[in-house]
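S.K.: Sequence below, structure please.
(one chain, ligands or ions: 1)
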Amino acid sequence: MNEVRPYLLPHTTFEGQIASRAGAVITLRDTSQWSRFVTLLNRCNGRSTLEEIAAEARIDVPSLSGLMNDLEQGGFVWTLSDYSNIPTPVFQREFKRWLPVWVNQMYDQPFWRDLYDGMSGPQTLIGWAIENMHYTRTVMAHMPYAVAHAESSEYEAIQLRHLSEEWDHYRMFMDGCIATGQSPDALSRTRPLVTSTAVTHFMRSIAREGAIVYNACEALLEATTEDDTSVIDFYETAGKRYGLPVEFTSALVRHVNVDKDFEHIDIFDSMLSSIPSLPSGTVNRIFDACQRLAELFVLWNTEIHEFYSGSRKRSIAAASSVQDSSLVH
Ligand SMILES: [Fe+2]
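M.R.: Got it, this is the predicted structure:
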């Protein structure tokens, strides 16, 4: 039996005769059909067959089939016969729809625009580099767990290589901060903000879920290298506007280029290329983890901005030191 059982994907919203999800919208030419259309979509529960839905909705099967194909192209439904395993290309199409949504959520706080426009202060950009130094320095607190929890020896090797390429990246952020006049000792004595440590702890907990879920999150963290020209323009323009040393900006740019040259952004896709499908539980865990990571980034960037611009004191529950957190098992 290979019957199509349409499934309306989560996070579809209906508002004012517009259905939207992951950056795509649907409207109807014949607005009088709207409530019928919504009822029809809500019948797509992944259990009823296309024929059953057509009979209930009093619509002919070829028309419904055509509609489902269009909705699938638009990213609103899946039309599989079984949802216990999701074919990898179906998952990847959906994942790539959400990636820019999450990246946008992570970096769309107004203070980034102010920073770029010169309306903020240099301390926010330097503070951002300090917190990224702290976070990247804790790679040994989470990535080895992803190696240990890798699903296969092939994934273990991929993860080990990533670790070998990533372990010293904190130096680039540190070099940038040193160029602004801070001593290496003073930088080493600074304590990460609570949210910087929270990102480390989050990645550590995700590493225990296996290399696939972990690398979905890594794909989100590396996604900015896809648009490296905008990121480099941001560093260079903001750096000039605040009169920061060229060495500060070039250290940040170097990190973008190094990450890009290592092609870390492609790791998740290359892992997926060897598997035909993913269990639906894994798919759920991936989307849940990436959504939570995007939300955590909003908190992280907000705390960086508020703390380094002086509008908020360090949180009372100050972060434990990097060294302390790496000892917790
Ligand atoms: Fe890196």
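S.K.: sec struct for whichever residue of the stretch 201-329 of the chain sits closest to the ion, please.
M.R.: Nearest to the ion, among the residues of the stretch 201-329 of the chain, is residue 259, at 4.4 Å (C-beta to the ion). Where you see a C-beta, it was placed from the backbone N, CA and C, and this is true even at glycine. State at residue 259, reduced to three classes by DSSP: H, G, I helix; E, B strand; the rest coil: helix.
S.K.: Pretty sure residue 225 is one of the things it touches, is it not?
M.R.: Yes. Counting by C-beta atoms under 8 Å, residue 225 is a contact partner of residue 259 at 5.0 Å.
S.K.: where's the host helix or strand of residue 55 relative to the chain centroid, distance-wise?
M.R.: Assessed by DSSP states H and E, residue 55 sits inside helix 50-57. Helix 50-57 sits 37 Å away from the centroid of its parent chain (C-alpha atoms, centre = their mean, to the nearest Å).
S.K.: what sits against residue 268?
M.R.: Taking C-beta atoms under 8 Å, 6 or more residues apart in numbering as the criterion, residue 268 is in contact with 215, 216, 218, 219.
S.K.: Excluding covalently adjacent residues, which one is nearest to it?
M.R.: residue 219 (4.0 Å; C-beta to C-beta, 6 or more residues apart in numbering).
S.K.: Tell me if I'm right that the one you found and residue 98 touch.
M.R.: No. Contact criterion C-beta under 8 Å: residue 219 and residue 98 do not qualify, at 10.7 Å.
S.K.: Quick one: name the residues of the protein near the ion.
M.R.: The chain comes close to the ion at residues 169, 259, as judged by C-beta under 5 Å from the ion.
S.K.: For the chain, which segments are assigned as strands?
M.R.: Assigned by DSSP state E, the chain shows strands spanning 7-8, 13-15, 18-21, 24-26, 77-78, 85-87, 277-279.
S.K.: Throw those into a markdown table and include mean pLDDT, thanks.
M.R.: Output for those, formatted as a markdown table (pLDDT from 0 to 100):
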| stretch | mean pLDDT |
| --- | --- |
| strand 7-8 | 97 |
| strand 13-15 | 92 |
| strand 18-21 | 93 |
| strand 24-26 | 90 |
| strand 77-78 | 97 |
| strand 85-87 | 98 |
| strand 277-279 | 98 |
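S.K.: Of those, which stretch is the most buried?
M.R.: Per residue and on average, the most neighbours among the strands of the chain fall to strand 77-78, with a mean of 22 (mean count of other C-beta atoms under 10 Å).
S.K.: got any residues that touch both of residue 259 and residue 225?
M.R.: Residues touching both residue 259 and residue 225 (C-beta under 8 Å, 6+ apart) are residue 265.
S.K.: Flag the shaky bits of the stretch 1-150 of the chain, pLDDT-wise.
M.R.: 1-2 (pLDDT under 70).
S.K.: Setting aside sequence neighbours, what's the nearest residue to the residue in it that the ion sits nearest to?
M.R.: Going by C-beta to the ion, the ion is nearest to residue 136 of the stretch 1-150 of the chain, at 6.1 Å. Setting aside the residues directly before and after it, residue 136 is nearest to residue 170 in space (C-beta to C-beta, 6+ apart), at 4.1 Å.
S.K.: What about that neighbour, how many residues nearby?
M.R.: 19 (other C-beta atoms under 10 Å).
S.K.: Now do it against residue 196, distance only.
M.R.: 12 Å (C-beta to C-beta, to the nearest Å).
S.K.: hang on, the earlier thing: with respect to residue 38, which of the contacts of residue 268 is nearest?
M.R.: Nearest to residue 38 out of these is residue 216 (C-beta to C-beta; 31.1 Å).
S.K.: quick one: contacts for the closest one?
M.R.: Taking C-beta under 8 Å, 6+ apart, one finds 95, 268, 286, 289, 290 in contact with residue 216.
S.K.: Domains of this structure: list them as residue ranges, please.
M.R.: 7-78, 85-325 (automatic domain parsing).
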